[in-house]
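K.L.:
Below is the sequence, then the predicted model.
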Amino acid sequence: MRDRQKGVTAIGWLFLLTPLAIVIYAGIRVAPLYLNYMKVVKAMEGAVTEVKGGASPQSIRTAIDKHFEIDMVEYPTTKDMQITKEGAAWVVETKYDDDAPLFGNVSLHITFDKRVKIGAGGFD
């Protein structure tokens, strides 16, 4: 009986590769969302270096907007960001959700959250 066992059958391969294919497909669908998030983070951290001295909410938004235009970020906008004063520093915070449709009515919901201090303290 041992002589007849050769390896995994076609049905076995189907059961093994289907979950792997679903995970790879989900990664392909989620990758653009994370690439967009990395552009948002880069813009927020770039504003730290550009607006060190005379920072105001409007100058911070303008600096981030410039980065968004260069990197072609459409969502979130600077209007979606909260800029508050915390001691001597300005805090830029963005929280947003994004969805990656998989198939049918199934999608992945991802929440992004980033906070950056401009002024005394640097990145958070």
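P.N.:
Sure thing, it's come through.
K.L.:
Looking at this protein, which strand is longest?
P.N.:
The single longest strand within the chain, with elements called by DSSP state E, is strand 89-103.
K.L.:
which helices and strands does it pack with?
P.N.:
helix 10-50, helix 57-71, strand 82-86, strand 106-118 (3 or more CB pairs under 8 Å, 6 or more residues apart in numbering; DSSP states H and E). Any C-beta I mention is one placed from the backbone N, CA and C, and that applies to glycine too.
K.L.:
Next, count neighbours for the closest residue to residue 29 other than its chain neighbours.
P.N.:
Among residues not flanking residue 29 along the chain, residue 100 sits closest, at 4.3 Å (CB to CB, 6 or more residues apart in numbering). Residue 100 has 17 neighbouring residues, counting by other CB atoms under 10 Å.
K.L.:
residues touching residue 100, list them.
P.N.:
Residue 100 makes contact with 26, 29, 30, 32, 33, 107, 108, 110 under the criterion CB atoms under 8 Å, 6 or more residues apart in numbering.
K.L.:
rerun at 7 Å
P.N.:
Applying CB atoms under 7 Å, 6 or more residues apart in numbering to residue 100 gives the contacts 29, 30, 33, 107, 108, 110.
K.L.:
Next one: the closest residue to the fifth one other than its chain neighbours from residue 112, what distance?
P.N.:
Leaving out its chain neighbours, the residue that sits closest to residue 108 by CB to CB, 6+ apart is residue 100, at 4.5 Å. When CB to CB, to the nearest Å is applied, the distance between residue 100 and residue 112 equals 12 Å.
K.L.:
Ok, residue 17 next?
P.N.:
Distance of residue 17 to residue 112, computed by CB to CB: 31 Å.
K.L.:
Of the two, give the one with the bigger neighbour count.
P.N.:
A direct count of neighbours by other CB under 10 Å for residue 17 and residue 112 places residue 112 higher, at 16 against 11.
K.L.:
just checking, that one touches residue 96?
P.N.:
Yes - contact criterion CB atoms under 7 Å: residue 112 and residue 96 qualify, at 5.5 Å.
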